[in-house]
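S.K.: Provided below for reference: sequence and predicted model.
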Amino acid sequence: MEDSDDEVPDLVDEGGAPSSIDAQVDDENLPKVPITIITVTRRYKSAGYLGAGKSTLLQHILTAQHFKKIAVILNEFGDTASLEKPISISQGSTQVSEWLNLANGCICCSVKDTGVAALESLMERRGAFDYILLETTGLADPGNIAPIFWLDDALGSSIYLDGIVTMVDAKNLLRELHQPVGDEEVVDEHQGHDHTGPKLSVAHLQISHADVVIVNKTDLVSPAELVVVEERVRSINSLARVHKTTHGIVPSLSGLVLDLAAYSSVTSDSLDFAAKGHSHLDSSIGTVTVTLPPLYEAGLVALDKWLRAVLWDSRLPGHENITGWEMHRTKGRVGTTDGKVKMLQGVREIFDLIDDPEGDAAEEGSRIVFIGKHVGGSEIVESFQRSLDASLAQQSS
Ligand SMILES: Nc1nc2c(ncn2[C@@H]2O[C@H](COP(=O)(O)OP(=O)(O)OP(=O)(O)O)[C@@H](O)[C@H]2O)c(=O)[nH]1
Ligand SMILES: [Zn+2]
């Protein structure tokens, strides 16, 4: 990875309109600012290739009436082709949009230094905006970006990850899924990334980490082709909501693209949705749901231990011979025998269990959904069940 430009990028005001970002603000009582990561799949840079519609979507988000002041961070990955036509934003009555260009490098490689510093410097102007959009092109692995907002104390105290939105091109997606990570003409930076086993495409990673997938350019495919594309997306990630659009026009933004609260709560509905399940159209990646009755205290301890083995050590207890799998997303609602419900959230190796005061364990039991590479076998369910049984047996002996 090249690191020739360590400087923190400045905010670029592209609109030319007066910026309110200089406003003096009181840091103390400000709410945390949500950040939405928008990622767009991209096959490769080639003559005549048109983007999936990221600029079009951003345009739509920034001009729609949502009464938010949005700061936009662009990570163009040195892709000068797409920088040739800067996005012009029509400024609504209350909106001020600022563009922070991470001119050099891919955010998933650089975010730990330049990216975090850029976000921190952006947060110094906190109060002047109330939402952040972080756009990354189809070369970044969102799984490397998402945990930063959990792990970085400084950022974590002022920003929270609201959700990951992945836009795909209905016309090109199936081809993009056949392009393994590292084979893109444009990226060398990614070759150091640790994706072992049969190769996944970047599009797989972008879809498997998404909370929302926008299938754009639906006008360019037949209804039958669109069904295939949508099924394919759902087979990779059964948790994500899928919206089909032309020109990125979603019926509303709040709840569909913005304000998803995808990392702060796990709703029963979202798990129902995943549990409906889909056939394993995609053999390399998939979604598994584990359903259990409410857990005893010992079961909770066993769950924690099992998650550590699986997510931290990449070890599937009882199936140590199985390798080459990786977990991308974990979501669940775990009921306990005292009637409480805990919400489980995870990205890659990071996970968190938090109480849901609204939950009713007797009614809903326990459900955990895993999305990941070569996750799809009964081994996951079996391994977890075995760990639980072992802990219960130990307790009663
Ligand atoms: N037919 C059709 N064209 C679309 C749609 N959405 C966007 N486009 C067009 O596709 C082209 C690429 O759209 P952009 O929004 O620039 O895509 P991008 O992902 O930002 O691409 P880059 O600028 O190359 O990064 C433009 O000419 C858009 O007008 C759509 O739903 N249907
Ligand atoms: Zn990278």
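M.R.: Perfect, thanks for sending it. Ligands and ions are numbered 1, 2, ... in the order given.
S.K.: so which elements touch the helix or strand that residue 132 is a member of?
M.R.: Assigning secondary structure by DSSP states H and E places residue 132 in strand 131-136. Using 3 or more C-beta pairs under 8 Å, 6 or more residues apart in numbering; DSSP states H and E, the elements in contact with strand 131-136 are strand 33-40, helix 54-63, strand 70-75, helix 107-110, helix 142-145. Heads up, the C-betas are built off the backbone N, CA and C, glycines and all.
S.K.: give me the buried positions along the helix or strand harbouring residue 161.
M.R.: Assigned by DSSP H and E, residue 161 belongs to strand 159-169. Neighbour-count burial for strand 159-169, with 16 or more other C-beta atoms under 10 Å as criterion, is recorded at 159, 160, 161, 162, 163, 164, 165, 166, 167, 168, 169.
S.K.: in a markdown table: the residues you listed, plus distance to ligand 2.
M.R.: Shown next, in a markdown table, are the buried residues of strand 159-169 (distance: C-beta to the ion, whole Å):
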| residue | distance to ligand 2 |
| --- | --- |
| 159 | 20 |
| 160 | 23 |
| 161 | 18 |
| 162 | 22 |
| 163 | 21 |
| 164 | 16 |
| 165 | 19 |
| 166 | 16 |
| 167 | 19 |
| 168 | 19 |
| 169 | 21 |
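S.K.: burial count for residue 324?
M.R.: 12 (other C-beta atoms under 10 Å).
S.K.: I meant to write residue 50 there.
M.R.: When neighbours are counted by other C-beta under 10 Å, residue 50 registers 10.
S.K.: can we start the residue count at 45 from this point?
M.R.: In the new count, where the first residue is 45, that last one comes out as residue 94.
S.K.: list the contacts of it.
M.R.: Contact analysis of residue 94 by C-beta atoms under 8 Å, 6 or more residues apart in numbering lists nothing.
S.K.: per-residue pLDDT of residue 404, please?
M.R.: At residue 404, the model reports a pLDDT of 90.
S.K.: wait, I meant residue 71
M.R.: Listed pLDDT for residue 71 reads 52.
S.K.: just the one 3 residues further on next, same as before
M.R.: You'll see residue 74 listed with a pLDDT of 79.
S.K.: same question for the one 5 residues further on.
M.R.: With respect to pLDDT, residue 79 has a value of 92.
S.K.: least reliable of the helices and strands packed on strand 175-180 by average pLDDT, please.
M.R.: Ranked by mean pLDDT, these bottom out at helix 151-154, which scores a mean of 43.
S.K.: report the buried residues of stretch 370-378.
M.R.: 370, 371, 372, 373, 374, 375, 376, 377, 378.
S.K.: the second one pairs with what?
M.R.: So that's residue 371. For residue 371, the beta-bridge partners are residue 416 (DSSP bridges).
S.K.: which non-adjacent residue is nearest residue 167?
M.R.: residue 202 (5.0 Å; C-beta to C-beta, 6 or more residues apart in numbering).
S.K.: what sits against that neighbour?
M.R.: By C-beta under 8 Å, 6+ apart, residue 202 lies in contact with 74, 76, 77, 167, 170.
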